[in-house]
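Colleague: quick one, what's the 3D model for this:
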Amino acid sequence: MVAGATLAVWRAPGPALRSAILHFAAGVVFSVVAVELLPDIVRQHAPLEVGLGFGLGVATMFGLRQLTRKLEDANAPSTPEPTTAASTPAAPSRLPWGLLVGVGIDIFIDGLLLGIGFAAGAKEGTLLAVALTIELLSLGLATAVQLREDGHGKAQTVGIVAGTSLLLLAGAGLGTTLLSGASGNLLEIVLSFGLAALLFLVTEELLLEAHEEPESPWLTSAFFVGFLLFLLLGMLV
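Modeller: Numbering: from 1, shown residues only. A predicted model of the protein is given here:
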């Protein structure tokens with residue numbers, strides 16, 4: 001995230017490159033879900049636990065999305081007053097708390113998912129860590145670009161993103177602590193929760209943002225490159 005923010009304040013990527021990164025990140029996360037998490041869940045043959053965990057995951061992600069949208073709407077800037085030639089230069093706007101709270105919740109959930117991944121196994125956790133790193137790179141880029149557009153300085157922008165990214169460590173620590181020594185049934189519920197949350201991340205966040213840029217074959221192919229790369233990596237590791 002810090003690397004993405006630093007890149008954004010140094011030279012913000014164009015819409016096409018950002019769309020390619022989002023497509024690639026979506027393919028990577030989807031590959032980890034399909035190749036690593038899903039087989040572990042199916043292998044346990046616990047349909048009730050899977051249904052409960054998956055339903056809780058979907059409901060939680062929808063609820064969080066509604067919450068972040070309300071926060072963003074509440075903190076949306078009002079229409080600025082007309083300025084004259086004699087007006088003083090506008091000062092940097094206040095922090096966009098709606099955006100930052102939404103990003104913070106997203107990062108915290110990513111940390112929980114990372115803890116869930118390592119609870120499923122070291123291999124699953126490692127691949128998920130790499131996948132979420134790519135996703136957080138794009139999130140750091142987007143957050144830094146928005147902060148710069150709001151008038152915040154380069155150092156302040158990177159500092160805000162760095163501070164927000166610490167929520168990943170908090171989420172991962174909480175996830176691994178809660179799942180330490182979890183029973184098979186509880187772990188199955190948690191893994192199913194993580195499965196739903198990751199699918200939501202791919203379909204309702206990464207791909208939606210990626211499709212804000214007009215589609216082209218090379219942009220779409222980035223999704224499949226990400227999927228194939230981690231499919232092969234999962235076979236070789």
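
Colleague: and the helix or strand bottoming out on mean pLDDT in the chain, what other elements does it pack with?
Modeller: Between all helices and strands in the chain, the lowest mean by mean pLDDT, DSSP states H and E belongs to helix 97-120, at a mean of 80. Counting by 3 or more C-beta pairs under 8 Å, 6 or more residues apart in numbering; DSSP states H and E, the packing neighbours recorded for helix 97-120 are helix 47-74, helix 122-149, helix 154-179, helix 184-200. (Each C-beta comes from the backbone N, C-alpha and C, glycine too.)

Colleague: could I get those as JSON lines with distance to Val103 and mean pLDDT?
Modeller: Listed next are these as JSON lines, based on distance: least, C-beta to C-beta, whole Å; pLDDT from 0 to 100:
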{"stretch": "helix 47-74", "distance to Val103": "9", "mean pLDDT": "86"}
{"stretch": "helix 122-149", "distance to Val103": "5", "mean pLDDT": "84"}
{"stretch": "helix 154-179", "distance to Val103": "6", "mean pLDDT": "88"}
{"stretch": "helix 184-200", "distance to Val103": "16", "mean pLDDT": "85"}
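
Colleague: nearest to Ser221, of those?
Modeller: Nearest of the helices and strands packed on helix 97-120 to Ser221, taken as C-beta to C-beta: helix 122-149 at 16.0 Å.

Colleague: gap between stretch 162-172 and the chain center?
Modeller: Mean C-alpha position of stretch 162-172 versus that of the full chain (C-alpha atoms, centre = their mean, to the nearest Å) differs by 12 Å.

Colleague: who touches it?
Modeller: Under the criterion C-beta atoms under 8 Å, 6 or more residues apart in numbering, residues 1-2, 5, 100, 103-104, 107-115, 136, 140, 143 lie in contact with stretch 162-172.

Colleague: now do stretch 225-236
Modeller: 23-28, 30-32, 34-36, 123, 127, 130-131, 134.

Colleague: pull out the buried members of those.
Modeller: With burial judged by 16 or more other C-beta atoms under 10 Å, the buried subset of these is 23-28, 30-32, 34-36, 127, 131, 134.

Colleague: out of those residues, which one has the weakest pLDDT?
Modeller: Least confident entry in the buried ones among the contacts of stretch 225-236, by pLDDT: Glu36, with 78.

Colleague: number of nearby residues for Thr220?
Modeller: 16 (other C-beta atoms under 10 Å).

Colleague: leaving out the residues flanking it, which one is nearest to it?
Modeller: Leaving out its chain neighbours, the residue that sits closest to Thr220 by C-beta to C-beta, 6 or more residues apart in numbering is His23, at 6.7 Å.

Colleague: so what's the one you found up against?
Modeller: His23 sits next to 206-207, 210, 219-220, 222-223, 226 when contact means C-beta under 8 Å, 6+ apart.

Colleague: which SS class is it?
Modeller: Classification of His23 using DSSP: H, G, I helix; E, B strand; the rest coil returns helix.

Colleague: so it versus Glu212, what's the distance?
Modeller: 12 Å (C-beta to C-beta, to the nearest Å).
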